[in-house]
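*Asks:* Pasting a predicted model and its sequence here:
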Amino acid sequence: MSWLGLKGRTAVITGAGGGIGQSVARALAAEGVRPVLLDRGTERTAALAGELGGGALALDCDLADAGAVAGVAERVEADGGAEILVNCAAILRPGALDSVSPGDFQAMLSVNLTGYLIAAQSFGRGMLARGRGALVHVASIAATQPQPLSGAYSASKAATAMMSRQLAAEWGPRGVRSNCVSPGLVVTPMSAAFYAEPEVRARREQMVPLRRIAAPEDIADVALFLASDRADYVTGQDIVVDGGLSQALMGMVPRPGYS
C-alpha cells in the first residue's frame, strides 16, 4: 500500500498539457489516481490520457471561460466528483510595465489568477459538500521576486499565493485544504528556449545552490505530497521548490575578503 494513500481518488489537473501539468498527471496516476486532464484543446492531452489509462479523461477547457469550466465540473461531479484539484495552467505574454497592453495584462490574469479561482469554485463545490478535498496551485518564486519584462506574470503569481491562503482560511473549517507550490527555474516546453544555449544553462545552474535546473518531476513530487493525506494538517502554505535559488541573493553580492 502506498504511503500517500491516494488510490481510487479523482484529480482534476488544469494546464495538463504543459510540462509541469503532464508530470503532475503522471505522478498522480502512478499512485492510482484517476486524472482528469484539462487544457485548451486536447492535442497535448489525448495521447497522455491513453498512456495513463485508469479511466483518465482529456477534456477541452479554457480556464478563462467560466461557462466551459462549470460545464466540465458538472460532468466530473456527475461521475462521482473530484477530491483533488491541481491548478497548473499558465500563460506568459512578455512586456515592460510602461508599455504592456491592458489586453495582454488582463489575458494573463484571466488564466493565471481568475482561472484558478473559477476552477477552485467549480470543482471545490463538490469538495465542500462532501467536507473533504485538496487544492494545489502552481505559483512561482516570481510571486515574491519580481520578474522584469514579463507583464502580469509576477502580479498574477503573487495574487495566486494570497488567494490560496484566503481559500485555506475560508474553506479549512469546511474540510478543504489549499496550498501552493512555487517553482524556481524549471525546464519545460515554455522555458526550453532559454536552455538551448549551453552557456546560458551553465550560468543559470551556477546561480542555484543545488547547481541544477529543476525538472517538472521535482515540482510534481511536492504537489503529490500536498494532495495526499500525508499533508492533512498542511494548509495555507506556499512551498518553494527552487533548489535554494531564492535564498542565494546575498551570496551573489561581492564581499572583498570573504571567499
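*Replies:* That came through, no problem.
*Asks:* show me where the stretch 1-150 of the chain has helices.
*Replies:* In order along the chain, the stretch 1-150 of the chain carries the following helices (DSSP state H, counting those that start in this stretch): 19-30, 46-52, 66-78, 102-109, 115-130.
*Asks:* Using a markdown table, lay out those together with mean neighbour count, distance to Leu85 and mean pLDDT.
*Replies:* No exception for glycine: its C-beta is placed from N, CA and C like everyone else's. Shown next, in a markdown table, are these (neighbours: other C-beta atoms under 10 Å; distance: least, C-beta to C-beta, whole Å; pLDDT from 0 to 100):
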| stretch | mean neighbour count | distance to Leu85 | mean pLDDT |
| --- | --- | --- | --- |
| helix 19-30 | 25 | 11 | 98 |
| helix 46-52 | 17 | 17 | 97 |
| helix 66-78 | 16 | 10 | 97 |
| helix 102-109 | 15 | 19 | 97 |
| helix 115-130 | 21 | 5 | 98 |
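*Asks:* mind giving me CSV with those and columns for distance to Asp242?
*Replies:* Below are the helices of the stretch 1-150 of the chain laid out as CSV (distance: least, C-beta to C-beta, whole Å):
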stretch, distance to Asp242
helix 19-30, 13
helix 46-52, 26
helix 66-78, 30
helix 102-109, 21
helix 115-130, 20
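*Asks:* Do you have the strands of this structure handy? List them.
*Replies:* According to DSSP state E, the chain carries its strands in the segments 10-14, 34-39, 57-60, 84-87, 133-138, 176-183, 238-241.
*Asks:* For the helix or strand of the chain at the bottom of the mean pLDDT ranking, buried residues please.
*Replies:* None of the helices or strands of the chain scores lower by mean pLDDT, DSSP states H and E than helix 198-207, at a mean of 95. Residues of helix 198-207 classed as buried by neighbour count (16 or more other C-beta atoms under 10 Å): Arg201, Arg204, Met207.
*Asks:* The last one and Ala248 touch, don't they?
*Replies:* Okay, so that is Met207. Yes - between Met207 and Ala248 there is a contact under C-beta atoms under 8 Å: 6.4 Å.
*Asks:* any idea which of the buried residues of helix 198-207 is closest to Ala49?
*Replies:* Checking the buried residues of helix 198-207 against Ala49 with C-beta to C-beta, the nearest one is Arg201 at 32.0 Å.
*Asks:* I'd like to know how far the closest residue to that closest one other than its chain neighbours sits from Gly50.
*Replies:* Once flanking residues are discounted, Arg201 sits nearest to Tyr195: 4.6 Å by C-beta to C-beta, 6 or more residues apart in numbering. Going from Tyr195 to Gly50 by C-beta to C-beta, to the nearest Å gives 29 Å.
*Asks:* Check Ala56 too.
*Replies:* 8 Å.
*Asks:* which residues of the chain score low on pLDDT?
*Replies:* Residue ranges of the chain with pLDDT under 70: 1.
*Asks:* tell me, what residue is most central in it?
*Replies:* When the chain is reduced to its mean C-alpha position, the nearest residue by C-alpha atoms, centre = their mean turns out to be Val138, at 2.4 Å.
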